[in-house]
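Q: no sequence on this one, just coordinates:
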């Protein structure tokens, strides 16, 4: 049911219901001596909550919601004004500012035989690169391996240069922005922590010898990794990222249909259902129907 | 009379949460809150009956449980396949709560 009829009408229907309810209780609010702005607040809160459930998809609200969430780590003050005119005006300008804002990313390099503790390196990346695994594409295994044996301040600048350049080139081939938002991680403390498991000892010597000339030896390094460090090509928790997105869809599998019955019939163990005026929540999304017929065996 | 069962939907839940907040902040009384819910019952029943035109069919692998109490049917269906024209969705299980559709039609035609 990607875009069936019953789905398209849901948002329109809900908006009409909201308007109808608000209009219907206007006099009750007046009688109670409640100010008009409380009624408007009710309407706005109701709409915001509805959008936040993700049960209804609507293009304009989706975009707005995405912007608010994207702004969260950097510009938390905008989020508190949700629904107020101020926030809506600002939303037009927020995306550019946000996506180019640099956030610190902390990278922990595994401990080396030479220097006994693992290094921690902090680099600056644009917020936008935290989405859609862009950073993982740029922070490749060979690059990490090559910087491991460098002194921290050199490693930092090397990594910084490569990530900035890599992201730039990614941005150019990625003209369609990735709609997947990854707000976890970075939003908590303003830093993300990417941890790498230790490198195989055998490959250390080769890598450290060649590590300074990153550009020239990149291919060779890649081969080294492929030979000796099996499974390290996706070291940056790429598995975790996927599994973190799934729960939001899996959690809400409490599928419910609320409706009225026209006729329920049974012959032996065969049942037939004639339902109408239904609201369904299936896999977390809402659908409505005028009529639904179905059958089942008991 | 309008059925209150649609309060147990996304739209109904979000309205109740919004009302609860206003009541907690002392901006409206609980009595006004329940009047808003009654208006919601009226609006959603009316809108569903008049505005929604979509039809669908479903087929369940198994009717797990059924209950008929106070003129309300409750079904638990397993392995359900929904179909609307060409669109098909399959889910493991679904709960159906259905009030008597005739009551409302009678009320509606008599127009109180």
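A: Ah, there it is. Everything numeric here is computed off the predicted structure, so don't read it as measured data.

Q: where does the chain dip in pLDDT?
A: If you meant another chain, say so; for now it's chain A. Applying pLDDT under 70 to chain A picks out residues A:1-8, A:58-101, A:105-119, A:126-138, A:140-149, A:169-253.

Q: please refer instead to chain B.
A: Where chain B drops to pLDDT under 70, the residues are B:1, B:103-112.

Q: how about the helices in it?
A: Secondary structure of chain B by DSSP state H: the helices cover B:10-24, B:30-51, B:101-110.

Q: which residues touch residue B:36?
A: By Cβ atoms under 8 Å, 6 or more residues apart in numbering or on different chains, the residues touching residue B:36 are A:21, A:25, A:28, A:42, B:15, B:19. All C-beta spots, glycine's among them, are computed from the backbone N, C-alpha and C.

Q: not counting its neighbours along the chain, what's nearest the third one?
A: Among residues not flanking residue A:28 along the chain, residue B:35 sits closest, at 5.3 Å (Cβ to Cβ, 6 or more residues apart in numbering or on different chains).

Q: how close does the one you found sit to residue A:56?
A: Separation of residue B:35 from residue A:56 (Cβ to Cβ, to the nearest Å): 25 Å.

Q: residue A:39 now?
A: Noted for residue A:39: a distance of 22 Å to residue A:56, by Cβ to Cβ.

Q: domain assignment for the chain?
A: Since you didn't name a chain, this refers to chain A. Chain A resolves into domains spanning A:4-53, A:122-169, A:255-297 when parsed by the TED database.

Q: correction: the question concerned chain B.
A: For chain B, the TED database gives the domain ranges B:5-51, B:57-99.

Q: can you lay out those domains as TSV showing distance to residue A:273?
A: Listed next are those as TSV, based on distance: least, Cβ to Cβ, whole Å:
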stretch	distance to residue A:273
domain B:5-51	16
domain B:57-99	7
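
Q: in a helix, that's where residue A:157 is, yeah?
A: Yes. When DSSP: H, G, I helix; E, B strand; the rest coil is applied, residue A:157 is found to be in a helix.

Q: just give me the neighbour total for it.
A: Counted with other Cβ atoms under 10 Å in any protein chain shown, the neighbours of residue A:157 add up to 14.

Q: swap in residue B:78?
A: Residue B:78 has 15 nearby residues by other Cβ under 10 Å.

Q: ignoring the adjacent residues along the chain, who's closest to it?
A: Counting by Cβ to Cβ, 6+ apart, residue B:62 is the residue found nearest to residue B:78 once chain neighbours are left out, at 4.3 Å.

Q: please verify my assumption that the one you found contacts residue A:295.
A: No. Using Cβ atoms under 8 Å, residue B:62 is not in contact with residue A:295, being 11.4 Å away.

Q: check contacts around the residue nearest to residue B:13 when sequence neighbours are not counted.
A: Once flanking residues are discounted, residue B:13 sits nearest to residue B:7: 7.6 Å by Cβ to Cβ, 6+ apart. By Cβ under 8 Å, 6+ apart, the residues touching residue B:7 are B:13, B:15, B:16, B:37, B:40, B:41.

Q: the fifth one - how many residues pack around it?
A: Pointing back at residue B:40 there. Using other Cβ under 10 Å, the number of residues around residue B:40 comes to 26.

Q: please determine how far it is located from chain A.
A: With distances taken as Cβ to the nearest Cβ, to the nearest Å, residue B:40 is found 5 Å from chain A.

Q: with the third one instead?
A: Per Cβ to the nearest Cβ, residue B:16 is found 10 Å from chain A.

Q: wouldn't that residue be in contact with residue B:34 here?
A: No. Taking contacts as Cβ under 8 Å, residue B:16 lies outside contact range of residue B:34: 10.2 Å.

Q: quick revisit: the residue nearest to residue B:78 - how many residues pack around it?
A: Residue B:62, neighbours per other Cβ under 10 Å, totals 14.

Q: and if you look at residue A:13?
A: Look at residue A:13: counted by other Cβ under 10 Å, it has 21 neighbours.

Q: check which helix or strand it maps to.
A: Using DSSP states H and E, the element containing residue A:13 is helix A:5-31.
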